[in-house]
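>>> Quick one, fold the following:
(2 chains)
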Amino acid sequence: MKNLLNENIRAPLAFAMMALLLLFVGVSQSWSVALSIFNLCLISAIMSLGVNIQWGYAGLLNLGVMGFTALGGVAAVLISQAPVAEAWTAGGQNILISLALAIVTIVICLQVKRRVTNIWFRRSALGITLIIGYLAINHFYAPGVKAIEAVEPATKGFLGGFGLPIILSWAVGGMLAAAIALVVGKITLGLRADYLAIATLGISEIIIAVLKNEDWLTRGVKNVAGLVRPVPYELDLQNSAWFSDGVRWIYSTQLDKLTEIGQEKLLHDLVIQSSSIFVKLCYSGLFTSVLLILLILSIKALNSPWGRMMRAIRDNEEAANAMGKNIVKQHLQVFILGSAVVGIAGAMLVTLDGQFTPASYQPLRFTFLIWLMVIIGGSGNNLGAVFGGFFIWFMWVELEPLSIFLMNLVTANMDGVSVIKTHLINSAPHLRLFMMGLVLLLTMRFMPKGFIPEKTRLHSIS
Amino acid sequence: MLELTDIINALVLLSNFVLIPALSYGSQLAMGALGITLVYGVLRFSNFAHGDLMAFGTMLTILLTWWLQSIGISLGAFPTALLALPFAILGAIALSLIFDKSVYQFYRNQKSSPVIFVIVSTGVMFMMNAIVRLIIGPNDQRFFDGTKFIIHPREFKDLTGLSEGLAIKSTQLLTVVITLVTVIALFWFLQKTRTGKSMRAYSDNEDLALLSGINPNKVIWITWIIVAALATTAGTLYGLDKSFKPFTYFMLLLPMFASAILGGIGNPIGAVVGGYVIAFSEVLVTYAYKKFLIYLLPEFMEPRGLAQFLSTDYKFAVSFIILVVVLLIRPTGIFKGKTIR
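As a prediction, the model looks like this:
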């Protein structure tokens, strides 16, 4: 047993267990379900990597993960949707003017803050600038928004995007998240750790509120659906000759046993099944390559002098500061990097879903669950974070049927029509929240470094 | 020409849609923020599970209310929930103490950093959230009974002949009165009683308090008892006034934190003031002043739009913006709370 928990073999053990779990789902439920879980596991692992960069490397408690995920989603919409020309002519100009005015107002405020020394003069100058800025922006903004939202409100009513392949949005999502993280980080990184948590949680809610209400940008709660995929569509596959030939070749032994009519029918079913699996496999391939690239970069970064400096800052800020490291600058850097990785994952998630629904972003699912992944997987260890992403997502999905099964078992002896029984079975899905909380508390108590702990190398001085 | 009735109409309108709702929402926030501030002051961590503790307490109130209603007990004009509240408080206290013993105590003994406490409290948050959803489900629940209005808008109109009717719901008055009584009692307790003084001493300087023979365990127990009582009361009042939904209570966490930090975290007076400031700014900023201005301004100056600073959808965001701004400009809050850095 002791050997089994040796830290060196924990990582292979963990991933082998994960593979077995997924294979088990493939065999017992279906390969399509297993692949769906696997794809979301990959995305979760990338998010978890991003949070690990912030928390594991540098000890920053960022509870704004949800906001950066959503920003990635925004990028996916803006890159892939075709521009709506009428909306641009209707109100595009007004939006651009108000954006420019907003920038001007902020620049003036920053300049006033920097240059004016008299405190009362500064405050009144700031106040006046803000009020004038607000009125000026609103003068252009409100009619612009109204005009844009009036353009075919049922299907469009927004400015649209660039009409580029959606896969570009993965990089753009990262950049967008990084840009916002720069602003957020500048504002919040001076705060003590638990205030940073509250502030970032608040900021992520603000981001979601903006996305829900600014219809001209991403249609708000009216959602954007039907994003163009980077991979083939099932229907196209089913109609293409090469695909059905391929399926025929793979299943040839099975098909040869049947009569002609039986063959046709089975082939038809197989093609439909395989097309869905093929699409999911395409996504898996894309996601796996992104994950591997990011993982390799993260591992390299953590083992580089930069990574050592980060850990030094995390473990003892004062000492690192005394050694001449600029802590504020490094914190900002790592905050931006981590958020960018989360943004990439956010764009990938929307790509996979094919739609952007701002109302689906909830802190429990997109912030706290990701944190769970990092802490349970092993903060500070990239492999640990990836494992956490896989394991927790798997649990999150599979605990639901499992708890319904358990509830059925528990209530098996109860009266068939009992109100309590139906209530218990109906509320079984919430059991997974309980289990997640319990797992978090148990991990924090008995395995605070996570399942695959950070490797600390001690060099003796001799 | 500006007439007196126009002015009165405008004022009635404003109190209907701004003053009275903000006052009752502010009271609910104030009581919630008091709980957060007490945990921060005495136990020294930001309790992310506070919203869900509120939800748990309220859930108990609702269940007891339903039971009381089913056996035919009611309070007449008052909501039955008031009768259930004390027992619900006991339940919330029990849950808080269980979590303190089984979870927080360990980290307190270890003298863990605030960050660890935040993470652990999110674990507790998950569990409490799950307990509430398991028992009562994730949907909206209404449990109000008794007289709905103290001043009915139509009766008010008939009585005064004004075109605007003043509406005061009984839950709004109840909220304000109960908050007033609770806050006064709490301050009397903290300032005048021996236990209250020991709590404040422990909050100010743990080591000195221990040296002068204060029993830390007793202080912590009393704190959880007060916090659970405040949370349950605040949650019940919020639920009576609006409705109960677990997710809404979870989302109340941020406005409550905003109130506590705005007032100066660890400072009870600050929490109360912060609660009202947040509530009033949320309502004031998102209220459409069009009708109000039409009463007051001459015709040619009447606003064309809604005369609204921010759309109502941003109501919640207002408190987050205030929170972030306060953390930036004056992190110690209005009244000096614990220093943040």
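>>> ok, and the closest non-adjacent residue to the residue of the stretch 101-250 of chain A found nearest chain B?
Across the stretch 101-250 of chain A, no residue is closer to chain B than A:Gly202, which sits at 3.7 Å (C-beta to the nearest C-beta). (C-beta placed from N, C-alpha, C; glycine too.) Take A:Gly202 and drop its neighbours on the chain: the residue closest to it by C-beta to C-beta, 6 or more residues apart in numbering or on different chains is B:Phe320, 3.7 Å away.
>>> what's the neighbour count on that neighbour?
By the measure other C-beta atoms under 10 Å in any protein chain shown, the count of residues near B:Phe320 is 24.
>>> Provide a list of residues in contact with it.
A:202-203, A:205-206, A:209, B:254, B:258 (C-beta atoms under 8 Å, 6 or more residues apart in numbering or on different chains).
>>> mind redoing it with 6 Å?
A:202, A:205-206, B:254 (C-beta atoms under 6 Å, 6 or more residues apart in numbering or on different chains).
>>> got a winner among the residues you listed for most neighbours?
A:Gly202 (27 neighbours).
>>> I'd guessed it sits against B:Leu323; true?
Yes. Taking contacts as C-beta atoms under 6 Å, A:Gly202 lies within contact range of B:Leu323: 5.0 Å.
>>> Relative to A:Asn408, how far out is the nearest residue to A:Ile132 once chain neighbours are set aside?
Ranked by C-beta to C-beta, 6+ apart and with sequence neighbours excluded, the top spatial neighbour of A:Ile132 is A:Thr105, at 8.0 Å. As judged by C-beta to C-beta, to the nearest Å, A:Thr105 and A:Asn408 stand 60 Å apart.
>>> List the buried residues of whichever helix in chain B runs longest.
Looking across chain B with DSSP state H, the single longest helix is helix B:216-241. In terms of neighbour count (16 or more other C-beta atoms under 10 Å in any protein chain shown), helix B:216-241 has its buried residues at B:219-241.
>>> Between A:Thr105 and A:Asn408, which has more neighbouring residues?
Taking neighbours as other C-beta under 10 Å, A:Thr105 and A:Asn408 compare with A:Thr105 leading, 17 against 13.
>>> The nearest residue to B:Gly146 once chain neighbours are set aside: neighbour count?
Of all residues not flanking B:Gly146 in the chain, B:Pro79 sits nearest, at 4.6 Å (C-beta to C-beta, 6+ apart). When neighbours are defined as other C-beta under 10 Å, B:Pro79 has 25 of them.
>>> list the contacts for B:Pro79?
Counting by C-beta under 6 Å, 6+ apart, B:Pro79 has contacts B:144-146, B:240.
>>> 10 Å instead, please
Shown in contact with B:Pro79 (C-beta atoms under 10 Å, 6 or more residues apart in numbering or on different chains): B:61, B:65, B:85, B:143-148, B:170-171, B:174, B:236-237, B:240.
>>> Checking the residue in chain B positioned nearest to chain A next. Helix, strand or coil?
Nearest to chain A, among the residues of chain B, is B:Phe126, at 2.9 Å (C-beta to the nearest C-beta). Secondary structure, DSSP: H, G, I helix; E, B strand; the rest coil: B:Phe126 is helix.
>>> and B:Cys80, what are its phi and psi?
That one is not Cys; residue B:80 is Thr. Dihedral angles of B:Thr80 (phi, psi; degrees, to the nearest 10) stand at phi -60, psi -30.
>>> ditto for A:Gly163
Dihedral angles (degrees, to the nearest 10) for A:Gly163: phi 70, psi 30.
>>> now swap in A:Phe356 and tell me
Taking degrees, to the nearest 10 as the convention, A:Phe356 sits at phi -120, psi 110.
>>> Bridged to it, which residues?
In this structure, A:Phe356 bridges to A:Val224 when assessed by DSSP bridges.
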